[in-house]
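[1] just need the structure, nothing else, for what follows:
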Amino acid sequence: MTRSVIRSVILALAAMVLLVAPCFAQAVGHVQVKFVKAALVVGGGGGNGTLTYRGRHYRFIASGFSLGVTAGASVTWLEGNASGIRDVNDFAGSYTLVGAGGAWAGGVGGVSLRNEQGVVLMLKGPKAGLEFAANLGGLTISLR
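    Okay, here's the model as predicted:
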C-alpha cells in the first residue's frame with residue numbers, strides 16, 4: 001500500500017469515529033420538579049416535573065417515601081442536573097436518596113439520588129412549609 005492510500009484510510013476511519021461518537025455520548029439533562037410532602041417520622045409525597053434532555057422536554061411524575069427524623073409538611077421546588085443518561089428511558093425508575101434540609105415558612109432543600117440504571121440526580125431548591133428532615137428514603141420516577 002502506498003502512503004496516500006494508508007493516509008486516506010486513516011482519515012476515513014477518523015471521520016467515522018468523529019461522526020458516530022456523539023450518538024453514544026452521555027448528555028447531561030436538566031431537571032425541574034415540584035414535590036409536596038407530609039411526614040411524622042414516616043412520610044410520603046409526590047410531584048411532577050420536567051426533564052430537558054438533548055433539546056427535548058419530557059414530563060414526569062415522582063412519588064416517594066422517607067423514614068427518619070422528619071416532621072411537618074412542605075412544598076419543595078427542586079432543580080438540577082441528571083447525569084449518566086444514555087437513553088431517556090434510563091431516567092425513569094426507582095431512586096435511592098439521602099438528603100437533608102429544613103424549612104420554617106421557607107428554607108432550602110437538597111438531595112442526591114441514584115437509580116438502578118446509574119442515573120444520578122443532583123437537585124436543590126427552595127422549600128416552603130413547616131418541616132425538618134434528615135432522612136433516608138426512596139423515590140420512583142415515571143415518564144408521562
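[2] CA only for contacts and neighbour counts going forward, please
    Noted.
[3] go through the longest strand along the chain and flag the buried ones.
    If you go by DSSP state E, the chain has its longest strand at strand 56-85. Under the neighbour-count criterion of 16 or more other CA atoms under 10 Å, strand 56-85 has 60-67, 69-85 buried.
[4] tell me which other helices or strands it touches.
    Counting contacts by 3 or more CA pairs under 8 Å, 6 or more residues apart in numbering; DSSP states H and E, strand 56-85 packs against strand 27-53, strand 107-115, strand 120-143.
[5] tell me which element the closest residue to Thr140 other than its chain neighbours falls in.
    Excluding the flanking residues, the one nearest Thr140 by CA to CA, 6 or more residues apart in numbering is Ser94, at 4.4 Å. With secondary structure defined by DSSP states H and E, Ser94 is part of strand 93-104.
[6] do Gln117 as well
    For Gln117, there is no enclosing helix or strand under DSSP H and E.
[7] list the contacts of Tyr95.
    Tyr95 sits next to Leu113, Arg114, Asn115, Glu116, Gly138, Leu139, Thr140, Ile141 when contact means CA atoms under 8 Å, 6 or more residues apart in numbering.
[8] confidence-wise, which of those residues comes last?
    Lowest-confidence member of the contacts of Tyr95: Gly138, scoring 78 (pLDDT).
[9] wait, that one sits on Thr96?
    Yes: Gly138 is in contact with Thr96 according to CA atoms under 8 Å; the separation is 4.7 Å.
[10] Ala38 - how many residues pack around it?
    The number of residues packed near Ala38 is 21, by other CA atoms under 10 Å.
[11] I misspoke; the intended subject was Val120.
    Number of residues near Val120 (other CA under 10 Å) recorded here: 21.
[12] not counting sequence-adjacent ones, nearest residue to it?
    Nearest non-adjacent residue to Val120 (CA to CA, 6+ apart): Arg114, at 4.5 Å.
[13] tell me, how many residues neighbour that neighbour?
    For Arg114, the count of nearby residues is 22 (other CA under 10 Å).
[14] if anything else comes up later, I'll come back, but that's it for now.
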